[in-house]
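return atomic coordinates for the entry below.
(chains A and B)
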Protein chains: 2
Amino acid sequence: MLRIPNASLVTRCTLAIFVSVIATLSTTLIHAAPRQATAGTPPATNVILFIGDGMDEHQITMARNYLYDSEGMFSMEKMPVRSSVRVKTLREDNPDHFRYVADSANTASTLATGFFTSKGRISTSAHGDVDQKTILEDAQAQRYRTGLVTTSSLTDATPAAFATHAAHRYCQSASAMHFANSALDKTQQCARDLKKNGGPGSIAEQLAAADIDVLLGGGTDLFNQRLEVDESNHSTILDKALSHGYQFLSTKEESQTAHSKTRLLGLFARTHLPVEWQGEHHRRAELIKTDNQGKAIFPRPFSCEKNPDHRDTPELAEMTSRAIQALSQNNDNGFFLMVEGASIDKQAHERNPCGQIGEIQAFDKAVSVGRQFAAQQTNTLIIVTADHGHAGQVVPLPESYQASSNALKIESYPTGYYAVLKTLSGELMAVNYATNSSPHSQWETHTGINVPVFMEGPGLEHIPVLTDQRAINQLMRRHLKLH
Amino acid sequence: MLRIPNASLVTRCTLAIFVSVIATLSTTLIHAAPRQATAGTPPATNVILFIGDGMDEHQITMARNYLYDSEGMFSMEKMPVRSSVRVKTLREDNPDHFRYVADSANTASTLATGFFTSKGRISTSAHGDVDQKTILEDAQAQRYRTGLVTTSSLTDATPAAFATHAAHRYCQSASAMHFANSALDKTQQCARDLKKNGGPGSIAEQLAAADIDVLLGGGTDLFNQRLEVDESNHSTILDKALSHGYQFLSTKEESQTAHSKTRLLGLFARTHLPVEWQGEHHRRAELIKTDNQGKAIFPRPFSCEKNPDHRDTPELAEMTSRAIQALSQNNDNGFFLMVEGASIDKQAHERNPCGQIGEIQAFDKAVSVGRQFAAQQTNTLIIVTADHGHAGQVVPLPESYQASSNALKIESYPTGYYAVLKTLSGELMAVNYATNSSPHSQWETHTGINVPVFMEGPGLEHIPVLTDQRAINQLMRRHLKLH
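Residues are numbered from 1 along each chain as shown, chains lettered A, B, ... in the order given. Next up is the predicted model:
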């Protein structure tokens, strides 16, 4: 339905209807839920933190150009406050020193805890491996409801950092904890986190026992593993979660039906959820080849289309609606919800611009759902940010490189992997990914650029134009009165 | 003096003293000038527009990391308002369509005129070649004083776009107008701008006759050329400028001495001014080589140091002080001043991270001078922005690529040109430039990323978090009451 090779009116209308259906669905789900504060009752206090994994300003520009051309914009870009977030990573071997390129584990940990840490760490301190309290845990202690929604496995670094503690993001299951050790530094071995060694167990086991009200994402492969210490009855991590009172959802249909219990656990894929979009003929960015005369052969333009593998998967906006409904219904206190667009990052690693653009669009629709809720429950703070920068760049078209080649008599073409996209309005946009020479398809790297943050809600009068991830944590804690 | 291989206390102090001297000098110059509004007199209305050429968020992050590590920040980052600016370029052959990567000519033209145009154009319309009025021209008509300050030749695209009109940025002098034609599209030929063809003449000639109160930058080579139509007395463009009543300055010393006339023309280099910093041993980013086994050989880290060729050149902050002094003294009406840090862009084209960092620092010191003035003359609007994105990226260190290579058994190293810098505090930061395979040393390209804008002054209550260059022009015009 969403295959859009040309900017025809029909296509634009199809897209508009599609967006409108989602918006209506979201609104319907949400309208059932919100509670207006009655006289004398303070309004519920909520925080929704949206994390676009790897979604720096360059990735946003690329997606906006493709989707909206030069006048339209994303819902997040209509929020009233913007700042720029510095991303700080400590060195594991010497935490008094820094690294300038982060990973999702240490940055999500900082957003979750308010402490800086080193790459790979899940809400534990660099080198010291001390557990650091997360905003979700503190919110739970103050009887706020809590939720985590993601397009990745729920055990992946970003959701994990809000509710679990581990020396490394690889410590997702008991078997992974044995397997991962050889690849990890001495101070970040998973072994010490094993239950048999007195630790809290794998990330999956910690999640299953964390009493989070809503968990929606992927990861059945992880949750179907056996408990680490369970010599009697062969029960799985999922069994353990269900014993904590969850309604279990595993299909798009189930994700939309009315729920019977307060707690929801939705696992919609074996690991990460399929992405929304792909390139025509599965095309991604490609290395430029040269002909016999050394002349560059530029790849032909292509459009993006809907990924058929995503069809039966709930959209991030749908999961977000569902989570907000469950968290807000009959809840006078309030909630903390983290929603992650995880595969913006994963698709950038894979040099897949269409994958990235579709995931940014899906993420922004989820932001829109959150903003609609906040428009009704006005004591809701919405924060939309990214964890770190990524490799995608908007660069010149082939004609521009060819003009340079002709002018200078030196062949000139884009470095790295390059794609020319036909945007929805029919313009041409070129992008490249050029951080890693490796032909391995998943190896483009993060970058160290500051990332944007958009904010909406009360208490945002004096946000400085340059901030950091620790300050974002403190802002959310202040709103929830957690200290 | 500023060669800083290690983060010693002495070095930091040297830097601090250096910055402090400049600040004091700037303050001294400025304190002489401002006029407090007396009872009944409305305060002078001023706009200072700072353009960091190519200074996107990635270039700022790189420079901040080098200079200030993870806690300090630039003066521009202390301003109260930030937005993100979309950069829109029309196609010359079909102005209803866009290009997503701009050049300095079309973007400066939009900032100057409030109209979008095509690459290369100097305040003329795409394809139609119609002159578009600039804010500087409109300000002159309302008896505001005006000034242009830059580290490039005054005839370069950015300053040119504020006071001249040409089909292409190459039309800088009469000889260039003949020479450039072969490289230009039919609709952007310089010929029609020649005086003998009824046009306004070269950019240099237009500047010389534009009656701008302060012109400080480079370009003696251009100004020493003969007038296009001058069969009688062999006078130069500079002669013509001087006949418009300028005091001429050509040395750093002269730039600092008291002036005798209101109008100042300073030309401190034959073309562009030398840049402030260079890499140790002139090092820039380098291509990664591999050894016999295909293993990457990473370049060794280096520091930045002061460029000795810059010694006798006035700093951008000094020129800015001088311009503000001349524009504000005995001026009840107000002024429009554009200050450009031109070589941030030029050094990025040349894959020279130290050059870039030094120029961003110099630019920010100039911003600081402007902000000090605005703190006294409070009806001053300060806008700090960039014209387009550029190629520099902060990427992982060699250790990170080596870990990937070991894990995957596929050699992994940065694409493009790569440098590892020892920052002022002694950390290591890696950058790459990876938009163009050409070994030509000046051929890295612009990128299409949104650029930041920082604002300070009256009337900034409702700035949206996403804006464009047309809207920035409109904001400045509103402040000066130009319609």
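
what residues sit buried inside stretch A:400-409?
A:400-402, A:404-405 (16 or more other C-beta atoms under 10 Å in any protein chain shown). C-beta coordinates here come from the backbone N, C-alpha and C atoms, glycine included.

now swap in stretch A:188-201 and tell me
Those would be A:188-190, A:192-195, A:199-201, for stretch A:188-201 by 16+ other C-beta under 10 Å.

ok now that stretch, how far from the chain's centre?
27 Å (C-alpha atoms, centre = their mean, to the nearest Å).

A:T271: what's it in contact with?
A:152-153, A:218-219, A:221-222 (C-beta atoms under 8 Å, 6 or more residues apart in numbering or on different chains).

the one helix or strand A:A160 maps to: what's the following helix or strand?
Here A:A160, judged by DSSP states H and E, is contained in helix A:157-163. Remark: after helix A:157-163, the chain's next helix or strand is helix A:174-179, criterion DSSP H and E.

now the residue of the stretch 51-200 of chain A found nearest chain B: which helix or strand?
Across the stretch 51-200 of chain A, the shortest distance to chain B (C-beta to the nearest C-beta) belongs to A:R82, at 3.6 Å. Assessed by DSSP H and E, A:R82 sits inside strand A:81-86.

separation between the closest residue to A:G279 other than its chain neighbours and chain B?
Take A:G279 and drop its neighbours on the chain: the residue closest to it by C-beta to C-beta, 6 or more residues apart in numbering or on different chains is A:C354, 4.2 Å away. Using C-beta to the nearest C-beta, to the nearest Å, A:C354 is found at 16 Å from chain B.

residue contacts, the residue in the stretch 201-350 of chain A positioned nearest to chain B?
Relative to chain B, the nearest point of the stretch 201-350 of chain A is A:I288 (7.4 Å; C-beta to the nearest C-beta). Contacts of A:I288 were listed using C-beta under 8 Å, 6+ apart, and they are A:296-299, A:413-414, A:418, B:437.

just the buried subset of these, please.
Buried among these (16+ other C-beta under 10 Å): A:296, A:298-299, A:413-414, A:418, B:437.

so which of those is the closest to B:D93?
B:D93 lies nearest to A:F298 out of these, by C-beta to C-beta, at 18.9 Å.

tell me the phi and psi of the closest one?
phi -80, psi 140 (degrees, to the nearest 10).

ok, it touching A:S412?
No - taking contacts as C-beta atoms under 8 Å, A:F298 lies outside contact range of A:S412: 11.4 Å.

count of residues packed around A:R143?
Neighbour count for A:R143, taken as other C-beta atoms under 10 Å in any protein chain shown: 10.

before we move on, back to that, hmm, who's touching the next helix or strand after the strand holding A:R82?
As assigned by DSSP H and E, the chain's next helix or strand after strand A:81-86 is strand A:89-90. In this structure, residues lying in contact with strand A:89-90 by C-beta under 8 Å, 6+ apart are A:97-103, A:106-107, A:116-119, A:126.

which element follows strand A:89-90 toward the C-terminus?
Past strand A:89-90, the next helix or strand by DSSP H and E is strand A:98-99.

parallel or antiparallel, which strands does that following strand pair with?
Counting by DSSP bridges, the strands paired with strand A:98-99 are strand A:89-90 (antiparallel).

now the partner strand: average pLDDT?
Mean pLDDT, computed over strand A:89-90, is 97.

span of stretch A:372-385 from start to end?
Using C-alpha to C-alpha, to the nearest Å, the end-to-end distance of stretch A:372-385 comes to 18 Å.

any residue of that stretch touching chain B?
No - residues of stretch A:372-385 are not located near chain B by C-beta under 8 Å from any C-beta of the partner chain, the shortest gap being 10.6 Å.

what's the distance between that stretch and the middle of its chain?
18 Å.

before we move on, what about stretch A:60-67?
Using C-alpha atoms, centre = their mean, the offset of stretch A:60-67 from its chain centre is 17 Å.

quick one: the residue nearest to A:S202 when sequence neighbours are not counted and A:G199, what's the gap?
Leaving aside its sequence neighbours, A:S202 sits nearest to A:S173 (C-beta to C-beta, 6+ apart; 4.8 Å). Separation of A:S173 from A:G199 (C-beta to C-beta, to the nearest Å): 14 Å.

kindly report the same for A:H234.
For A:H234, the distance to A:G199 - C-beta to C-beta - is 22 Å.

one more: A:S425?
From A:S425 to A:G199 the distance is 54 Å (C-beta to C-beta).

how about the closest residue to A:N352 other than its chain neighbours, phi and psi?
Spatial nearest neighbour of A:N352, excluding adjacent residues (C-beta to C-beta, 6+ apart): A:R284 at 4.5 Å. Per-residue torsions, A:R284: phi -130, psi -170 (degrees, to the nearest 10).

and the pLDDT for A:D364?
98.

quick one: end-to-end length of stretch A:369-389, please.
25 Å.

return the set of buried residues in it.
A:369-374, A:377, A:379-389.

how about A:T45: what's its closest non-neighbour residue?
In space, A:T45 is closest to A:G334, 3.8 Å off (C-beta to C-beta, 6+ apart).

can you pull out the helices in the stretch 1-150 of chain A?
Using DSSP state H, counting those that start in this stretch, the helices of the stretch 1-150 of chain A run over residues A:9-31, A:57-68, A:104-113, A:135-141.

is any part of the third one close to chain B?
No - counting by C-beta under 8 Å from any C-beta, no contacts exist between helix A:104-113 and chain B, the nearest distance being 11.7 Å.

for burial, what's the neighbour tally of A:D221?
Neighbours of A:D221 using other C-beta under 10 Å come to 16.

got it, and A:Q329?
Using other C-beta under 10 Å: A:Q329 sits among 14 other residues.

what pLDDT does the model give it?
93.

then the one 4 residues further on?
In this model, A:N333 is scored at 96, pLDDT.

ditto for A:L316
For A:L316, the predicted pLDDT is 98.

so the closest residue to it other than its chain neighbours, which of the three states?
Excluding its sequence neighbours, the residue lying closest to A:L316 (C-beta to C-beta, 6+ apart) is A:A366, at 4.3 Å. With DSSP: H, G, I helix; E, B strand; the rest coil as the basis, A:A366 sits in helix.
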